[in-house]
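Trainee: next input, structure requested:
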Amino acid sequence: MKTPYPLLWLLVFFAVFACSQAPEEGKDKAGPGDAAAQYLLGVKYSKGQDVKQDWSQARSWWEKAAAQGHIEAQFSLGVLYAKGEGVPQDFVQAKAWMEKAAAQGSPKAQYTLGYMYAEGQGGAKDFAMTRSWWEKAAAQGFVKAQYYLGRMYADGVGGTQDFAQAKSWFEKAAAQGDVKAQFDLGRLYATGDGVEPDLLQAKSWFEKAAAGGDAAAQYSLGVMYAEGIGVSKDPAQAKSWWEKAAANGSAEAKERLKE
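Mentor: The predicted structure follows:
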């Protein structure tokens with residue numbers, strides 16, 4: 001049955017009317033000081049949802065929400081200034097907003113703040129502060145912080161070298177599927193840094209990382225099969241893993257394939 005034309009136009013009118021009212025309703029809620037509504041209205045303007053994209057409006061609404069302690073608004077302002085979206089790039093401002101969100105326990109703000117200290121964004125480089133903020137984020141299960149904290153302990157950056165701590169954080173990140181952490185665990189077992197050398201464990205972790213597309217793990221498995229390290233020599237397996245690694249951009253694998 002065909003929809004009568006008057007009814008069809010009426011449906012179209014109400015649909016358009018509803019869309020045009022969405023931002024206004026958001027403003028009504030945000031105006032009285034509803035921090036959550038202010039934040040969401042900022043998101044709408046940042047993404048151009050139901051409104052024309054407007055970074056100035058996004059910043060304005062996020063500032064209102066952030067002034068009331070809204071963590072996501074504080075983090076979003078930090079990202080906005082770090083990327084220079086609608087404003088001149090300003091790492092000092094970005095860092096200030098990240099510090100507010102991080103102080104309230106936002107793990108992604110803590111991780112980002114640690115990264116800013118590592119890169120010297122908004123101030124001098126400070127690897128001890130990087131380690132401190134990543135420890136806070138990692139303790140909340142933030143996988144990137146867990147992995148890079150492990151790397152800091154393994155390399156002795158920002159404090160003393162501690163392979164036991166490195167292994168612990170790699171294990172936590174690896175359990176969440178982080179392929180870099182899986183590869184680095186394999187490497188610890190292969191080299192015996194802080195653990196008893198265990199080539200079976202090394203191979204197992206390399207295989208997990210390789211299955212996730214990690215080129216370094218794929219290359220390392222190729223080396224194990226080519227040279228008979230912890231496995232029987234198998235040139236075909238070595239070639240297969242090097243081909244995978246090369247396809248993922250490993251220059252070393254590309255060189256070995258030429259031999």
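Trainee: quick one, helices of the protein?
Mentor: With DSSP state H as the definition, the chain shows helices at residue ranges 5-30, 35-47, 55-67, 71-83, 91-103, 107-119, 127-139, 143-155, 163-175, 179-191, 199-211, 215-227, 235-247, 251-258.
Trainee: so which elements touch the second one?
Mentor: Yep, that's helix 35-47 we're talking about. Judged by 3 or more CB pairs under 8 Å, 6 or more residues apart in numbering; DSSP states H and E, the packing partners of helix 35-47 are helix 5-30, helix 55-67, helix 71-83. Placement of C-beta: from N, CA and C, glycine included.
Trainee: quick one: that helix to chain centroid distance?
Mentor: Chain-centre distance of helix 35-47: 22 Å, with CA atoms, centre = their mean, to the nearest Å.
Trainee: what residues of it count as buried?
Mentor: Neighbour-count burial for helix 35-47, counted by 16 or more other CB atoms under 10 Å, picks out 35, 37-46.
Trainee: and what of the third one?
Mentor: For helix 55-67, burial by neighbour count (16+ other CB under 10 Å) applies to 57-59, 61-66.
Trainee: re the thing from before, just the buried residues of helix 35-47 now: which is nearest residue 106?
Mentor: Using CB to CB, the shortest approach to residue 106 within the buried residues of helix 35-47 belongs to residue 39, at 13.1 Å.
Trainee: ok, the closest one touching residue 75?
Mentor: No. Judged on CB atoms under 8 Å, residue 39 makes no contact with residue 75 at a distance of 10.1 Å.
Trainee: what's the nearest residue to residue 60 if we skip its chain neighbours?
Mentor: Taking CB to CB, 6 or more residues apart in numbering, and ignoring the residues beside it in sequence, residue 60 has residue 42 as its nearest neighbour in space, at 7.6 Å.
Trainee: whoops, residue 135 was the one
Mentor: Distance criterion CB to CB, 6+ apart; nearest residue to residue 135, sequence neighbours excluded, is residue 149 at 6.2 Å.
Trainee: okay, the one you found and residue 87: tell me how far apart.
Mentor: Using CB to CB, to the nearest Å, one gets 31 Å for the distance from residue 149 to residue 87.
Trainee: what residues are up against the residue nearest the centre of the chain?
Mentor: Using CA atoms, centre = their mean, the residue of the chain that lies closest to the mean C-alpha position is residue 144, 5.9 Å off. Applying CB atoms under 8 Å, 6 or more residues apart in numbering, one finds that residue 144 lies in contact with 111, 137, 173, 178.
Trainee: give me the pLDDT for it.
Mentor: At residue 144, the pLDDT value in this model is 98.
Trainee: can you tell me how far residue 210 sits from residue 117?
Mentor: The span separating residue 210 from residue 117 equals 33 Å under the rule CB to CB.
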